[in-house]
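> Okay, predicted coordinates and the sequence, questions at the end:
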Amino acid sequence: MPAAVRGGGRKAGPQGKSPSPKSRAATPVRGGAAVKLRAARGVGLPPKVALATAGAVLALGVLVALATGNRAQHLADATTQALADRTTGWGFTVKEIHVAGATPAGEEAIRAVLAPAKGEAILGLDLATVQESVNNVGWVQEARVVRLLPDTLMIEVKERGALAVWQKGGRLRVIDGAGRIIPEADPAAFPQLPLVVGQGAETVAADILKSVASRPRLKSRVEAIVRVDERRWDIHLKDGLIILLPAVDEESALIELDLLDRRDRILESGLERIDLREPGAPAFRRREVASTAQFGGGV
C-alpha cells in the first residue's frame, strides 16, 4: 500500500487498500513559429548565396527525377551530401535553435536532444529524424521542424500539460491528462500539482481531479486522492479527514457532500471519516469515537 509522500520530508500519508487514475489545464502553447520567424529576420541569406543554393537544389531535383528505382535514392543521398559539404564552408551550419510553444522545463529537454545538431551542416540534416527526436521528448505532444537558412532550426511544439503527481510503490512521477508519464518532469518541481495515489490511479485521475477542482472549499483542503482496489476513490484531507466515494456516480456523492457542507460546514467539523458510498445515506465517524449516525443527528 503506497504512502502518500512528497519531497522526502513529509510523513507517510494516505494509502489505498490495495496497490492500486485539472484540474490542471494543458500548458498553452505560447507563441508560434511566426513570432519566432519574425524575431529571426536578421538571419537572412545574401542574394548571391541564395541564388546559388536555389540552383543547386533545383539541379538536385532534376537529377532525382531522371533517375529510377534505387538509383534515385542513392543519387539523391549522394547529391544532398555533396551539397551539404559544399555549403558548410559558406556558413550553412546549425548555429541557432529556436523553440516555440514549450514551457521552460520542456524547452530544456528539447534542447538537450537537439544538442548534437549544433555545428552540423544544416542542409545535410534529415528533418524527419530531427522531428522524431523532438516527438520522443515526454513533454511533447507533437512537433514541427523548419529549416531557416543559413544557420537556424525552428522547432514549434504542442506540449502535454502536467495534470498531477502520481505515486505508486513509493515512487513519484508527473503525469499528463491522459495518464502518461512525463519522464523528464521532476515531481519536486511541481508542488502545486495534486497528488493521486495507487495502482491504476494515473489512467482515471482526470475526471475526479476536475470534479474536485470545481469545489474550492474541498480543493484547498485536499492532501491526496487515493485509488482503492482500482475501482473507487478516497479523498484524504490535510486535517486527516477521509471522504469515501462510491465506485459508481462519484459526482452525485460530491454533490451530496456540497449540500452537507453548506448546511453544517462538515469539512471543518472535526470528523475522521465521511462515508458516501451509499447514495442518500452518508455515514460519519468523529475522531476517536466511531458512529454511523446521520450527521446533525447527535453525532
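It's in.
> Okay, strands next: where are they in the chain?
96-100, 140-148, 152-159, 162-168, 171-176, 195-197, 222-228, 232-237, 242-244, 271-275, 283-286 (DSSP state E).
> could I get those as a markdown table with mean neighbour count and mean pLDDT?
Just so you know, the C-beta spots here come from the backbone N, C-alpha and C atoms, and that holds for glycine as well. Listed next are these as a markdown table, based on neighbours: other CB atoms under 10 Å; pLDDT from 0 to 100:
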| stretch | mean neighbour count | mean pLDDT |
| --- | --- | --- |
| strand 96-100 | 18 | 96 |
| strand 140-148 | 18 | 95 |
| strand 152-159 | 22 | 96 |
| strand 162-168 | 25 | 97 |
| strand 171-176 | 20 | 97 |
| strand 195-197 | 28 | 98 |
| strand 222-228 | 24 | 98 |
| strand 232-237 | 22 | 98 |
| strand 242-244 | 20 | 98 |
| strand 271-275 | 19 | 97 |
| strand 283-286 | 18 | 94 |
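> Please name the bridge partners of Val197.
Gln167, Val226 (DSSP bridges).
> show me what contacts the closest residue to Gly240 other than its chain neighbours?
Nearest residue to Gly240 in three dimensions, chain neighbours excluded: Glu272, at 6.7 Å (CB to CB, 6 or more residues apart in numbering). By CB atoms under 8 Å, 6 or more residues apart in numbering, the residues touching Glu272 are 240-242, 285-288.
> Could you identify the most distant pair in the residues you listed?
Checking these against each other with CB to CB, the farthest-apart pair comes out as Ile242 and Glu288, at 14.4 Å.
> What's the separation between Leu271 and Asp261?
11 Å (CB to CB, to the nearest Å).
> And for Val226?
Plainly put, Val226 is 20 Å away from Asp261 if you go by CB to CB.
> so Ala247 touches Glu230, yeah?
No: with contact defined as CB atoms under 8 Å, Ala247 does not reach Glu230; the gap is 9.9 Å.
> which residues sit in contact with Ala112?
Listed by CB under 8 Å, 6+ apart, Ala112 has no contact partners.
> can you offset everything so residue one is 11?
Done: numbering now begins at 11, and the last item shifts to Ala122.
> mind checking how far Cys256 is from Ile120?
Heads up, residue 256 is Pro, not Cys. Taken as CB to CB, the span from Pro256 to Ile120 is 43 Å.
> For these two, work out which one has more neighbours and name it.
Taking other CB atoms under 10 Å, Pro256 and Ile120 do not tie; Ile120 has more neighbours (23 against 16).
> I'd say that one and Val109 touch.
Yes: counting by CB under 8 Å, Ile120 touches Val109, with 5.5 Å between them.
> Between those two, which contacts overlap?
With CB under 8 Å, 6+ apart as the test, Ile120 and Val109 both reach 165, 167.
> from the contacts of Glu282, which is closest to Ser224?
Among the contacts of Glu282, and counting by CB to CB, the member closest to Ser224 is Leu251, at 19.3 Å.
> Which residue lies nearest to the closest one in three dimensions, sequence-adjacent residues excluded?
Leu281 (5.6 Å).
> Is it correct that the one you found is in contact with Asp249?
No: if you go by CB under 8 Å, Leu281 and Asp249 don't touch, sitting 9.3 Å apart.
> shaky segments in the stretch 61-210 of the chain?
Scanning the stretch 61-210 of the chain with the threshold set as pLDDT under 70 gives 61-101.
> now the helices for it?
79-98, 114-124, 137-145 (DSSP state H, counting those that start in this stretch).
> returning to what we had before: with distance to Gly116 added, can I get the contacts of Glu282 in JSON lines?
Rendered in JSON lines, the data for those read as follows (distance: CB to CB, whole Å):
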{"residue": "Gly250", "distance to Gly116": "37"}
{"residue": "Leu251", "distance to Gly116": "36"}
{"residue": "Ile252", "distance to Gly116": "36"}
{"residue": "Arg295", "distance to Gly116": "45"}
{"residue": "Arg296", "distance to Gly116": "47"}
{"residue": "Arg297", "distance to Gly116": "44"}
{"residue": "Glu298", "distance to Gly116": "48"}
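> ok, of those, which one's closest to Glu142?
Nearest member of the contacts of Glu282 to Glu142, counting by CB to CB, is Ile252, at 45.9 Å.
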